[in-house]
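got a sequence here, can you model it:
(one chain, ligands or ions: 1)
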Amino acid sequence: MNELQAIIAIINTCKAIAIVTHVGPEGDTIGSALACYHAFQEWGKEAAVYNPDPLPPELLFLPGANKIRRSQVLPPGWELCMVLDCSDRGRTGSLLEGLPPQVPLINIDHHKSNGRFGAHNWVDETASSTGEMVFRLFKAMARPISRETATCLYAAIITDTGSFRYTNTSPECLRVAAELLELGVVPDQVAEELFEKRDLREIQLLSEALSRLEVSPDGTIAWLTLDKPLLERVGIGLEETEGFINYPRSIRGVRVALAFKELAAGSYKVSLRSKGEVDVSRVAAAFSGGGHRNAAGCILEGDLGEVKGRVLAEIRRVMDGG
Ligand code: 5GP
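Predicted coordinates for the structure are as follows:
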């Protein structure tokens, strides 16, 4: 029996399934999880989605988003735990600390760096997104897919492929997207909800952040800094800044874009994006983070100047083939 079949067998036998998503939630983890939530409920099971952090406002339109349980530790009472889009246990924050050892953990993910931390691990780094994998899971189970479920999966896929622009856009994910449209997804509505309903304060913050954009002397690395004073002055949270990194990334000649985001005094989340062959997951891994070749992240402690210096030096090392 392969991992997918083992996962199907266990889902079929369990009646109460907790679905766990990653810290700093975004469209793939949440879309995949809500798709499972709808599907399991439609199949007569009890299910709930857990996340430790607030949801970015653009995801609140997803059917079931208001049912997501914000919790630091998973409460008891579940027969099975399914973890989606998490490359390691740490990505779930402390949620899994509440998981009794006898409860099986299913790990479904598309990160190359996945640590296979589950009792069952289905990891496919060739998948565009975890959403694409969940679609394949439902197909393999020969279950009907409702319009709600399809909408969540479509949102997951377009988030992770940058609306079918990134290198992970494959014939397979486009075929899945086509099937999701046949199931009733309205693509322009999903795109409008995800990308065209910004809060004015977010645009004001973007404008300030872009006015401080920095670029390396050779024009190949560009970065934004979002520090606490700036965020507090504009009055919005980091969860609303997800797409900002696409601006430095879009500059001609830039190979690597970064965003330094201050989580707390002396603690910075670093988001990394690259174009082409530069593997930013190697940069993130040097600081105990992870991700994909063209999109990765990590957290560093230290003062801002020092954090920038360390990350930029590592990027140079990777760019120079080190
Ligand atoms: P983002 O910059 O949008 O938060 O994340 C980009 C990619 O890097 C995603 O695939 C995400 O899962 C991964 N990633 C971001 N931060 C971390 C981290 O701290 N640890 C690990 N392992 N992966 C991360």
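
residue 168: neighbouring residues, count only.
22 (other CB atoms under 10 Å). In short, each C-beta sits where N, CA and C put it, glycine included.

what about it, distance to residue 111?
Distance from residue 168 to residue 111, counting by CB to CB, to the nearest Å: 11 Å.

what sits in contact with each of those two?
Common contacts of residue 168 and residue 111 (CB atoms under 8 Å, 6 or more residues apart in numbering): residue 292.

the residue sitting furthest away from the middle of the chain: which element?
Centroid-distance maximum for the chain: residue 217 at 31.4 Å, with CA atoms, centre = their mean. Under the criterion of DSSP states H and E, residue 217 resides outside all helices and strands.

ok, residue 295 to residue 252 distance?
20 Å.

so for those two, which sits in the more crowded spot?
Ranked by neighbour count (other CB under 10 Å), residue 295 and residue 252 place residue 295 first, with 20 against 5.

return the residues in contact with that one.
Contact analysis of residue 295 by CB under 8 Å, 6+ apart lists 166, 272-274, 280.

contacting residues around residue 99?
74, 78, 81, 105.

quick one: secondary structure of the second one?
Of the three states, residue 78 takes coil under DSSP: H, G, I helix; E, B strand; the rest coil.

that one reaches residue 18, doesn't it?
Yes - here residue 78 reaches residue 18: they are 4.0 Å apart, a contact under CB atoms under 8 Å.

these two: which has the busier surroundings?
More crowded of residue 78 and residue 18, by other CB under 10 Å: residue 18, with 26 against 23.

could I get the contacting residues of the more buried one?
Per CB under 8 Å, 6+ apart, neighbours of residue 18: 47-48, 50, 74, 78, 80-82.

and what of residue 212?
224-225.

distance of it relative to the ligand?
Noted for residue 212: a distance of 19 Å to the ligand, by CB to the nearest ligand atom, to the nearest Å.

how about residue 122?
17 Å.

how about residue 128?
From residue 128 to the ligand the distance is 12 Å (CB to the nearest ligand atom).

hang on, the earlier thing: between the contacts of residue 99, which has the most around it?
Within those, residue 81 tops the neighbour count with 25 neighbours, counted by other CB under 10 Å.

and it, that one's in a strand?
Yes - counting by three-state DSSP, residue 81 falls inside a strand.

shouldn't it be in contact with residue 92?
No - at 9.7 Å, residue 81 does not count as touching residue 92 under the criterion of CB under 8 Å.

common neighbours of the two, please.
The contact lists of residue 81 and residue 92 share residue 20, where a contact means CB under 8 Å, 6+ apart.

whatever residue of the stretch 1-150 of the chain ends up closest to the ligand: neighbour count?
Closest to the ligand within the stretch 1-150 of the chain is residue 87: 4.5 Å, counting by CB to the nearest ligand atom. Residues lying near residue 87 (other CB under 10 Å) number 24.
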